[in-house]
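*Asks:* sequence-free structure coming up:
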């Protein structure tokens, strides 16, 4: 897609979390803050857990470079007795990081005439973590507070400020997601219900099935395009997304020129 945008004279910028974190040469705002937020996202996520791996993450080095060097991320899939408070805090820190990325990095590229292409939407990860938090047995935080936090995140990402100009939701089954992840090397943290003590394929299907239905509902409410991957190869799906983006970019440019 980036190549096709460039071929039409646009200035695309493909941006992932990893790309931002890799800019260790940037010691200005917000890069240092985002790197440190990532450390605290992982440290809080395993807060209260008592297994040795989780304790290493909790007590890991406070500086991002040292934390990465110690290879403490992403952490265990099934920690022992994690606290709801830490899991919820980690989701809210993800939201904070996304607001900085949107305000200070995405908007800077846009103001310089770039078209920013992102590989995901921050709403997805934050809501996934909050959904799992509801099911954690450690009741240090009431469920109604987690519901309020979820509503806040959903409402904030629904704002025009956080929404992309062009949104595309890729519709796929939970079973297909599991197959692809298994090929990749296995399930990671918060991809199944491991934080609740129920890991494995069935808990993955349970969690991801519910999330995919919620994501599609929200994407529809936001007016996003929905591309169904169930009857498409990855190449065909990518072509479909590229066609949508190219048409929308042309439409937006035409409206701006009126």
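*Replies:* Received the coordinates, thanks. Model, not experiment: these values are computed from the prediction.
*Asks:* which residue ranges form the strands in the stretch 1-150 of the chain?
*Replies:* 12-15, 115-118 (DSSP state E, counting those that start in this stretch).
*Asks:* and the ones you listed as JSON lines, adding mean pLDDT, mean neighbour count and distance to residue 154?
*Replies:* C-beta coordinates here come from the backbone N, C-alpha and C atoms, glycine included. As requested, the strands of the stretch 1-150 of the chain are arranged in JSON lines below (pLDDT from 0 to 100; neighbours: other CB atoms under 10 Å; distance: least, CB to CB, whole Å):
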{"stretch": "strand 12-15", "mean pLDDT": "93", "mean neighbour count": "17", "distance to residue 154": "23"}
{"stretch": "strand 115-118", "mean pLDDT": "94", "mean neighbour count": "18", "distance to residue 154": "19"}
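*Asks:* Reformat the ones you listed as TSV; add distance to residue 79.
*Replies:* What follows is the strands of the stretch 1-150 of the chain, written out as TSV (distance: least, CB to CB, whole Å):
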stretch	distance to residue 79
strand 12-15	30
strand 115-118	29
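*Asks:* Tell me which of those sits nearest to residue 32.
*Replies:* strand 12-15 (17.9 Å; CB to CB).
*Asks:* which residues are in contact with the closest one?
*Replies:* Identification of contacts with strand 12-15 by CB atoms under 8 Å, 6 or more residues apart in numbering yields 1-2, 5-6, 105-106, 109, 114-119.
*Asks:* just those residues now: which is nearest residue 40?
*Replies:* The closest of those, once distances to residue 40 are taken by CB to CB, is residue 105, at 18.9 Å.
*Asks:* Spit out the contact partners of the closest residue to the closest one other than its chain neighbours.
*Replies:* Spatial nearest neighbour of residue 105, chain neighbours left out: residue 20 (6.6 Å); criterion: CB to CB, 6 or more residues apart in numbering. For residue 20, the contact set (CB under 8 Å, 6+ apart) comprises 31, 34, 101, 105.
*Asks:* Now stretch 93-112: buried residues?
*Replies:* 93, 94, 95, 97, 98, 99, 100, 101, 102, 105, 106 (16 or more other CB atoms under 10 Å).
*Asks:* wait, stretch 66-86
*Replies:* For stretch 66-86, using 16+ other CB under 10 Å, the buried residues are 67-68, 72-73, 75-79, 82-86.
*Asks:* any chance of those residues in TSV, with pLDDT and distance to residue 24 too?
*Replies:* TSV is the format used below for those (pLDDT from 0 to 100; distance: CB to CB, whole Å):
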residue	pLDDT	distance to residue 24
67	93	12
68	90	9
72	89	17
73	83	15
75	91	21
76	95	26
77	94	27
78	96	31
79	97	28
82	96	29
83	97	31
84	97	33
85	97	31
86	97	26
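*Asks:* farthest pair in those?
*Replies:* Across those (CB to CB), the longest gap, 27.0 Å, separates 68 and 84.
*Asks:* still on that earlier bit, restricted to helices, list the buried residues of stretch 66-86.
*Replies:* Counted as lying in helices by DSSP state H, out of the buried residues of stretch 66-86, are 67, 68, 84, 85, 86.
*Asks:* out of the residues you listed, who's nearest residue 201?
*Replies:* Looking across those and measuring by CB to CB, the closest to residue 201 is residue 84, at 25.0 Å.
*Asks:* looking at it, that closest one is touching residue 135, isn't it?
*Replies:* No - the pair residue 84 / residue 135 is not scored as a contact, 9.5 Å apart, by CB atoms under 8 Å.
*Asks:* Walking through the stretch 1-150 of the chain, point out its helices one by one.
*Replies:* For the stretch 1-150 of the chain, applying DSSP state H, counting those that start in this stretch gives helices covering 2-7, 17-21, 31-45, 52-58, 64-69, 84-100, 107-111, 122-135, 143-157.
*Asks:* Flag every buried residue along the third one.
*Replies:* Spelled out, it's helix 31-45. For helix 31-45, by 16+ other CB under 10 Å, it's 31, 34, 35, 37, 38, 39, 40, 41, 42, 43, 44, 45.
*Asks:* Fine by me, we can end here.
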